[in-house]
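>>> Test case, fold it:
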Amino acid sequence: MTKSSSTRAQKRLPRWALVLMIVVAVVVVAGLVLPRFLDVDRYRPTIAAAVEQQTGRKLTLGAIHARILPTVGFTVDGVGLGNPAGFPDGELVHVDKLRGSLALGPLLHRQIEITSLEFVKPKLTLLSAPGGRTNFDFSGPDAGGRAGAPQPAKPSGGGSSFSLQEIGKISLTDAEVVLGDVVHGRIQPGTSVRGLNVVARQVTFDESLMKQLEGDADFKGVRIESTSLAEPLEVRSGKFTMSQGRAQADLRMMVGKALDVKAAVTVADLSKPVVEFDVSTPQLDLDALSKLLSGKGTGGESAAASAASMGESVLLARGKITAERIKFESYTANNAVVEVRLYTDRMEAFPAHMDLYGGTVQVSARADRRQTPLRFSANLELNNIDVGKLVSTDPSLKGKITGTGDLKLENVYGSAGSRLLDTLTGKGNFAVRDGQLPGFNLPGALVFMGKLAGSAGSSSTPFKVIQGDLVIAGGRVASKQIHMDSPVGTMDLNGSFGFDGTVGYQGQATLVPGAGGGAQEMAVGALTGLLGNATGRTITKATVPFSVGGTFSDIKIRPGKAIPKFDSSAPNQTTSPQQKPSLADTLKGLFQKKQ
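From the prediction side, this is the model:
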């Protein structure tokens, strides 16, 4: 009965179906078994020679295994494509495993035509050398040490030939890209990007390579590491596309807690790449960013040496950076916008605009990569700044001055790093209008200095304007002339203060009796009244020298070295000559230094 049932089943199954099943079984078995017996390793010299002929690079291949299913192809255990002539020993590309597919039709005519390649965990090391040369340029003499476009390889090895004219699809899985410089014949690695997954289509290895690339990538999860970053930059989301020689990416990136930015990046011509970017962030913490940039080492020496060895300056990138808020130490600025240009030898930022405490700041700056440490220059202009709010962020200056201020600094130079303030030089001018010096009674201070009465801190001194010049050098800010107009008179100073908070000025105050009102008027009246009694005249104006020392948190006012001067009216008739004390004795006792 079993035999009869089997016979009936065979009768119901068409003969062609049985034949198809047998063919499929044979193909599957062949696909699984035949590759083990095919000696495809004999093509390694042919492939290596063809690649070297067309690219000018040495190709290193691991063991090659044939594959028939699901498509005809091969697998290579390790691939390395070397640097071109004139570069240090090393590889442009290293791949853990390479999978390729072949066109069946040409293969039947002993022609090897690659239709797709998959690079598993490839590492691309992209180098720039003096003169603008790169190890990833596949055109001209640098590609293969000779002029002209690469030519197809000549047939060899059993009459077969190998073509690398065009590959329909190239994919990179879990790729790493390292950017570096060649300095004095050695490779200096810089930034590295990990975790890339890229697909490129219609790839041709000739002078039109960059224009023919068609590809896309998802950059989510990509990590960018750099010798100048203490923490890696992580791409939280990002799409990349390239087509017709143009590349574009939209990214959101984070570096620790210091930086969260969105960036739109465009390269209009991949054959002559200049990056156009538009970067924005809700908040930029310059203190945290500074720590990140000094974490693993600056790499400044190699970068400067590389830039110094380059001839012509080449534009690499340009674009705009915006920040809704910028924090620096205890200061906060808003709505910052800056145009940036990056060259092989320098960076330029101009102009940068931001809002600061009711006013505006404008900065133009340039950093020179040829210098070690990094050397910069800048011009700075502040307008209509609320000085009271500005200084209130510093405990040593809080409550010391109010008013609306302007500042202009030109030709400011310095070196980045721990000695920034010591290396600063520059010059400019400043003005503060319609303000107060709270807790500082200038006339009272002079009276107190003269051992009369009162206290230097019993009131405040109003002013219409304080203005002067500035020269920055040696860790100090010096002024040849600072002038203050106040209701109680005028004040002129010269001297300097240090970035360490120390103060040293010499000056004179010209006081007018009856001016200012309140404590100021009382102090001036006490001083001029005593002098009037000593001289028998009515004092109409007193010019008193003094010095200012100490620190910003503890100002010390002392007598000056010069002799006070006084303007007076007619002699006071109520005082007899016999009762007049000596003016010299009065001044000597009045303005001697307080013990």
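>>> Test for you: state the pLDDT assigned to residue 387.
At residue 387, the pLDDT value in this model is 93.
>>> Residue 320 - how many residues pack around it?
As a burial measure, residue 320 scores 14 neighbours (other CB atoms under 10 Å). Backbone N, C-alpha and C define where each C-beta goes, glycine included.
>>> Please settle this for me: is residue 390 part of a strand?
No. Secondary structure of residue 390 (DSSP: H, G, I helix; E, B strand; the rest coil): helix, not part of a strand.
>>> if I pick the nearest residue to it once chain neighbours are set aside, what's in contact with it?
If the residues on either side of it in the chain are set aside, residue 390 comes closest to residue 357, at 5.1 Å by CB to CB, 6 or more residues apart in numbering. With contact set as CB atoms under 8 Å, 6 or more residues apart in numbering, residue 357 has these partners: 385, 386, 389, 390.
>>> distance of the closest residue to residue 103 other than its chain neighbours from residue 131?
With CB to CB, 6+ apart as the criterion, residue 103 has its nearest non-adjacent residue at 4.3 Å, and that residue is residue 113. Distance of residue 113 to residue 131, given as CB to CB, to the nearest Å: 37 Å.
>>> So between these two, which is more surrounded?
Using other CB under 10 Å, the more surrounded residue of residue 113 and residue 131 is residue 113, with 20 against 11.
>>> From the contact counts, what lies against the strand or helix carrying that one?
In the assignment (DSSP states H and E), residue 113 maps to strand 111-129. Other helices and strands packing on strand 111-129, by 3 or more CB pairs under 8 Å, 6 or more residues apart in numbering; DSSP states H and E, are strand 91-102, helix 104-108, strand 133-134, strand 161-163, strand 167-183, strand 186-203.
>>> Extract the CA atoms of it and return them as PDB.
Output in PDB follows, covering the C-alpha atoms of strand 111-129 (Å, rounded to 0.1, in the frame of the first residue of the first chain):
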ATOM      1  CA  GLN A 111      36.200  39.100 -17.400                       C
ATOM      2  CA  ILE A 112      36.100  40.100 -13.700                       C
ATOM      3  CA  GLU A 113      33.700  43.000 -13.200                       C
ATOM      4  CA  ILE A 114      32.900  44.100  -9.700                       C
ATOM      5  CA  THR A 115      29.300  45.200  -9.100                       C
ATOM      6  CA  SER A 116      29.400  45.900  -5.400                       C
ATOM      7  CA  LEU A 117      31.800  46.100  -2.500                       C
ATOM      8  CA  GLU A 118      31.100  46.000   1.300                       C
ATOM      9  CA  PHE A 119      33.900  47.100   3.600                       C
ATOM     10  CA  VAL A 120      33.500  45.800   7.100                       C
ATOM     11  CA  LYS A 121      35.100  47.900   9.800                       C
ATOM     12  CA  PRO A 122      37.200  50.000   7.400                       C
ATOM     13  CA  LYS A 123      39.700  52.600   8.700                       C
ATOM     14  CA  LEU A 124      40.400  55.500   6.500                       C
ATOM     15  CA  THR A 125      43.400  57.700   7.300                       C
ATOM     16  CA  LEU A 126      43.100  60.900   5.400                       C
ATOM     17  CA  LEU A 127      46.400  62.900   5.400                       C
ATOM     18  CA  SER A 128      47.300  66.500   4.300                       C
ATOM     19  CA  ALA A 129      50.900  67.300   3.500                       C
END
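>>> Over it, what's the mean pLDDT, rounded is fine.
Rounded mean pLDDT across strand 111-129 is 84.
>>> ok, it: who's next to it in the sheet?
Sheet pairing here is set by DSSP bridges, and for strand 111-129 it gives strand 91-102 (antiparallel), strand 133-134 (antiparallel), strand 161-163 (parallel), strand 167-183 (parallel).
>>> can you pull out the helices in this structure?
Using DSSP state H, the helices of the chain run over residues 2-12, 15-33, 44-55, 104-108, 141-144, 209-212, 286-293, 300-309, 387-391, 420-423, 442-449, 518-535, 583-590.
>>> Where among the strands paired with strand 111-129 is average confidence lowest?
Note on the strands paired with strand 111-129: lowest mean pLDDT is at strand 161-163, with a mean of 54.
>>> sorry, back to before: surely the residue nearest to residue 103 touches residue 101?
No. Between residue 113 and residue 101 there is no contact under CB atoms under 8 Å: 9.9 Å.
>>> With mean neighbour count and distance to residue 350 added, can I get the strands paired with strand 111-129 in CSV?
Output for the strands paired with strand 111-129, formatted as CSV (neighbours: other CB atoms under 10 Å; distance: least, CB to CB, whole Å):
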stretch, mean neighbour count, distance to residue 350
strand 91-102, 20, 37
strand 133-134, 15, 29
strand 161-163, 19, 51
strand 167-183, 19, 26
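>>> sorry, back to before: can you tell me which of the helices and strands packed on strand 111-129 is nearest to residue 490?
Closest approach to residue 490 among the helices and strands packed on strand 111-129 (CB to CB): strand 186-203, 57.7 Å.
>>> elements contacting that closest one?
Contacts defined by 3+ CB pairs under 8 Å, 6+ apart place strand 186-203 against strand 111-129, strand 167-183, helix 209-212, strand 214-218, strand 223-225, helix 300-309.
>>> Could you take the ones you listed and lay them out as JSON lines, with extra columns for distance to residue 493?
Converted to JSON lines, these look like this (distance: least, CB to CB, whole Å):
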{"stretch": "strand 111-129", "distance to residue 493": "53"}
{"stretch": "strand 167-183", "distance to residue 493": "51"}
{"stretch": "helix 209-212", "distance to residue 493": "64"}
{"stretch": "strand 214-218", "distance to residue 493": "63"}
{"stretch": "strand 223-225", "distance to residue 493": "52"}
{"stretch": "helix 300-309", "distance to residue 493": "40"}
